[in-house]
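# need coordinates for the below:
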Amino acid sequence: MRRFLLILAVIAVGSLGVVTAATAAGGKGGSTRSAAPSLLVPDASVTYQPAAGAADVNPASPVSVTVEDGTFEQVSLTDPDGDVVAGALNAEKTVWTASEPLGYGTAYTWTGVAIGGDGVQVPVRGAFRTVAPSKAVRGVINIGDGRTVGIAAPVEIQFNSHVEDRAAVERTLGVQTSTPVEGAWGWLPDENGGSRVHWRPKQYWPANTEVTVTAKLYGVAYGGGEYGAADIGSTFRIGRAQIVKADARSFQMVVERDGKQVASYPASYGLASDPNRNTRSGVHVVTEKFTDKRMISAQYGYDVVEKWAVRMSNNGEFIHANPASTGAQGSSNVTHGCVNLSIDNAKAYYDTALYGDPVEVTGTPVQLSSKDGDVWDWTLSWDRWRTLSAL
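Residues are numbered from 1 along each chain as shown. Below you'll find the model as predicted:
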């Protein structure tokens, strides 16, 4: 029993000695921590997006560098010419993010310094390379910023190459309107050396609608090694609701604006007995107009210049003045497919016509179709139109 008590006394004295030694290490009024715990403070850790050494990086993908257990003192990302990519640190100086897209087929290099909680510097360094497309494909929107167009105007994006992955492209396309409008994208057969996609509303656009089209195409893989060359977009306005009612059986061309008839002109339509001279029935769309338009037909042997010509399809159909058919206007159809008016009436209509105005032709034996030009969107039912989407 005596020996057991002696052992306890030795243990107690030893413990007291440890406490005294720890206090002494801090000095009078100093910390009770020894230098040893500083070894537990981790070094700064830097991670990159994309990873250092990465190749074939999409230039539109996010680019950033992050430090854990430290802060950045300085960060930069440069191209081979030494040009610095725009970017900024967050408030905590733990993340630097690029604020501009990168270029195609370019090597980028990281430089900079991070400081860990232990005060040790960690270099920011490394490099990566962006993808080099076989071709950078451009797209063009048919309606420019600030324009006013008619209520049947389709939005068209024409590409300068064939688009293989149409779904990938279509996912980047957007149409925002000031009033709700139901519509859909539809891919039409390639034209002018490249693919094209139209956005068509289910019904005519509501008058006075503001429209913004966005196409975030830069960095989009089109397939076959081709990528989008640039983002594009446009903001425009739908004008008044003007519709031409062109019933060939009436020998009149009626103009309605915002639901009211504003004009009725004696007219002559295509000769019904010749299918090649019929004016096509269906919803045409105004695309161009000319004060003077040369019209040529080798088949029918004419080469004339007609005034106040408004194109309503790409198959040669116009609304235009024709003094030669004045005697038939209002009583019979004798033209080669165009809608003939007098000079004064053609000028009056010409002055009101906008790109995208619908011309609704009825009462003829031949229907407008995809063979009659590039704007045949309204010849399809809504259900049929939606099948042209790639999504």
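# now do the same contact list for Asp190.
162, 196 (C-beta atoms under 8 Å, 6 or more residues apart in numbering). Bear in mind the C-beta positions are built from the backbone N, C-alpha and C, glycine included.
# just Tyr108 next, same as before
Applying C-beta under 8 Å, 6+ apart to Tyr108 gives the contacts 77-79, 85, 102, 127-130.
# surely Asp145 meets Arg237?
No. The criterion here is C-beta atoms under 8 Å, and Asp145 misses it with Arg237 at 10.4 Å.
# of these two, which one has the most company?
Applying other C-beta atoms under 10 Å to Asp145 and Arg237 shows that Arg237 carries more neighbours, namely 16 against 11.
# so that one sits in a helix?
No. Under DSSP: H, G, I helix; E, B strand; the rest coil, Arg237 sits outside any helix and is assigned strand.
# quick one on the thing from earlier: reformat the contacts of Tyr108 as a markdown table; add neighbour count, pLDDT and distance to Arg166.
Converted to a markdown table, the contacts of Tyr108 look like this (neighbours: other C-beta atoms under 10 Å; pLDDT from 0 to 100; distance: C-beta to C-beta, whole Å):
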| residue | neighbour count | pLDDT | distance to Arg166 |
| --- | --- | --- | --- |
| Leu77 | 24 | 98 | 33 |
| Thr78 | 15 | 98 | 36 |
| Asp79 | 15 | 97 | 32 |
| Val85 | 16 | 98 | 32 |
| Leu102 | 21 | 98 | 25 |
| Ala127 | 16 | 97 | 34 |
| Phe128 | 22 | 98 | 30 |
| Arg129 | 16 | 98 | 28 |
| Thr130 | 25 | 98 | 24 |
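# show me where the stretch 201-350 of the chain has its helices.
Under the criterion DSSP state H, counting those that start in this stretch, helices of the stretch 201-350 of the chain are mapped to 343-350.
# got the CA coordinates for stretch 126-139 in CSV?
Taking Å, rounded to 0.1, in the frame of the first residue of the first chain, the C-alpha atoms of stretch 126-139 are listed here in CSV:
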residue,chain,number,x,y,z
GLY,A,126,0.4,26.4,-66.3
ALA,A,127,-1.0,26.5,-69.8
PHE,A,128,-3.8,25.2,-71.9
ARG,A,129,-4.9,25.4,-75.6
THR,A,130,-8.2,26.1,-77.1
VAL,A,131,-9.7,24.0,-80.0
ALA,A,132,-8.9,24.9,-83.6
PRO,A,133,-12.0,24.5,-85.8
SER,A,134,-11.9,23.2,-89.3
LYS,A,135,-14.1,26.1,-90.1
ALA,A,136,-15.6,29.0,-88.1
VAL,A,137,-19.2,29.2,-89.4
ARG,A,138,-20.9,32.6,-89.5
GLY,A,139,-24.6,33.2,-89.2
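# run the chain-centre distance for that stretch.
19 Å (C-alpha atoms, centre = their mean, to the nearest Å).
# mind listing the strands for the stretch 1-150 of the chain?
45-49, 64-68, 70-78, 87-89, 95-98, 107-116, 121-123, 126-129, 135-137, 139-141, 148-149 (DSSP state E, counting those that start in this stretch).
# tell me which of these sits nearest to Ala267.
Proximity to Ala267 (C-beta to C-beta) singles out strand 148-149 among the strands of the stretch 1-150 of the chain, at 24.4 Å.
# just the CA coordinates for stretch 360-376, please, in CSV.
The C-alpha trace of stretch 360-376 is given here as CSV (Å, rounded to 0.1, in the frame of the first residue of the first chain):
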residue,chain,number,x,y,z
GLU,A,360,-53.2,36.2,-99.2
VAL,A,361,-54.0,34.9,-102.7
THR,A,362,-57.1,32.9,-103.2
GLY,A,363,-59.2,31.6,-106.1
THR,A,364,-56.5,30.1,-108.4
PRO,A,365,-56.0,26.5,-109.4
VAL,A,366,-52.3,26.2,-108.3
GLN,A,367,-51.1,26.3,-104.7
LEU,A,368,-48.0,28.1,-103.4
SER,A,369,-45.4,25.6,-102.3
SER,A,370,-41.7,25.2,-101.2
LYS,A,371,-40.8,25.3,-104.9
ASP,A,372,-41.9,28.9,-105.1
GLY,A,373,-39.1,30.6,-103.1
ASP,A,374,-37.4,30.9,-99.8
VAL,A,375,-40.3,32.2,-97.7
TRP,A,376,-43.0,29.5,-97.9
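# follow-up on the earlier one: got TSV for the strands of the stretch 1-150 of the chain, with distance to Lys289 too?
Formatted as TSV, the strands of the stretch 1-150 of the chain follow (distance: least, C-beta to C-beta, whole Å):
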stretch	distance to Lys289
strand 45-49	53
strand 64-68	52
strand 70-78	51
strand 87-89	49
strand 95-98	47
strand 107-116	50
strand 121-123	65
strand 126-129	50
strand 135-137	31
strand 139-141	20
strand 148-149	13
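# I'd like to know which of these is closest to Leu217.
Closest among those, using C-beta to C-beta: strand 139-141, at 5.8 Å.
# and stretch 174-193, what's its mean pLDDT?
Mean per-residue pLDDT for stretch 174-193: 96.
# ok, stretch 276-288 next?
96.
# output the lowest mean pLDDT helix or strand found in the protein.
Within the chain, no helix or strand scores below helix 2-26, which has a mean of 35 by mean pLDDT, DSSP states H and E.
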